[in-house]
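> structure, please.
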Amino acid sequence: RQPTKQGKISVTKHSEAMSTTRRFVADDLFRFNAVNLDPLTETYNLYFYFQYMSIWPSYQRCIESIHNHGMIMAYIIGKCEGSTGGTSFEDRRSDKWHGHVSAVTVGPDFRRLGFANDLMKSLEEISESDACYFVDLFVRVSNVIAIQMYKQMGYVVYRKILGYYSGEEDAYDMRKSLSKDPDKKAMVPLTKPVHPSQIEITM
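Numbering: from 1, shown residues only. Predicted coordinates for the structure are as follows:
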């Protein structure tokens, strides 16, 4: 599949599925339950989804079936953020300006078709266009399959966040540098774990 401009629809043909990739919108919240049945997929409140859609619309993407009444097969939710405390323009000049994957998930019946890889590449391309230095994501340390998948995509474990998931499980902060960070400084791992209070989160 060739990269498409933001907001455009692309058609992807896999060996077992015909699908379209497009922007994830409010109506899709009524059709994504089958994907969210995965116990490792976080389900958030409506305010969370609506805020992401209104502030960072181009970062929200989904893959739906051409057949089967437009069933949602996979989706990604993300944003761009910085931490200089200044204006957006000042943030963009900081090497902490980055894209963030808040959620990426694929329905159980549509795995091993490359959907997660396609969605991650899409968010990376959008982050590049927003002059981000890197893309990061948080993942449960017990989610070995996802961690391995991200490593195959070029992500590294940057740091461990202790008790990030409701104080019950640690998380890995995984990162991948973009073209604004040719020396891959954002990917140099920290030597010690951190607590949730020590990380900066926009939302």
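> just checking, what packs against the helix ranked longest in the chain?
The longest helix of the chain (DSSP state H) is helix 115-129. With contacts taken as 3 or more C-beta pairs under 8 Å, 6 or more residues apart in numbering; DSSP states H and E, helix 115-129 sits against strand 18-23, strand 61-65, strand 72-81, strand 98-106, strand 134-140. Every C-beta, even on glycine, is put in place using the N, C-alpha and C of the backbone.
> test my guess that residue 26 contacts residue 50.
Yes: assessed by C-beta atoms under 8 Å, residue 26 is found in contact with residue 50 at 6.8 Å.
> and the next element down the chain from the strand or helix carrying residue 151?
For residue 151, the host element (DSSP states H and E) is helix 144-152. Per DSSP H and E, helix 144-152 leads on to strand 156-165 as the next helix or strand towards the C-terminus.
> could I get the buried residue list for that following strand?
156, 157, 158, 159, 160, 161, 164, 165 (16 or more other C-beta atoms under 10 Å).
> pull the CA atoms of that strand into CSV?
Extracted as CSV, the C-alpha positions of strand 156-165 are listed here (Å, rounded to 0.1, in the frame of the first residue of the first chain):
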residue,chain,number,x,y,z
VAL,A,156,13.8,0.2,21.7
VAL,A,157,13.0,0.1,25.4
TYR,A,158,14.0,3.6,26.6
ARG,A,159,12.9,3.2,30.3
LYS,A,160,10.8,1.2,32.7
ILE,A,161,7.9,3.0,34.5
LEU,A,162,7.2,1.4,37.8
GLY,A,163,3.6,0.7,38.6
TYR,A,164,2.3,2.6,35.6
TYR,A,165,-0.8,0.5,35.1
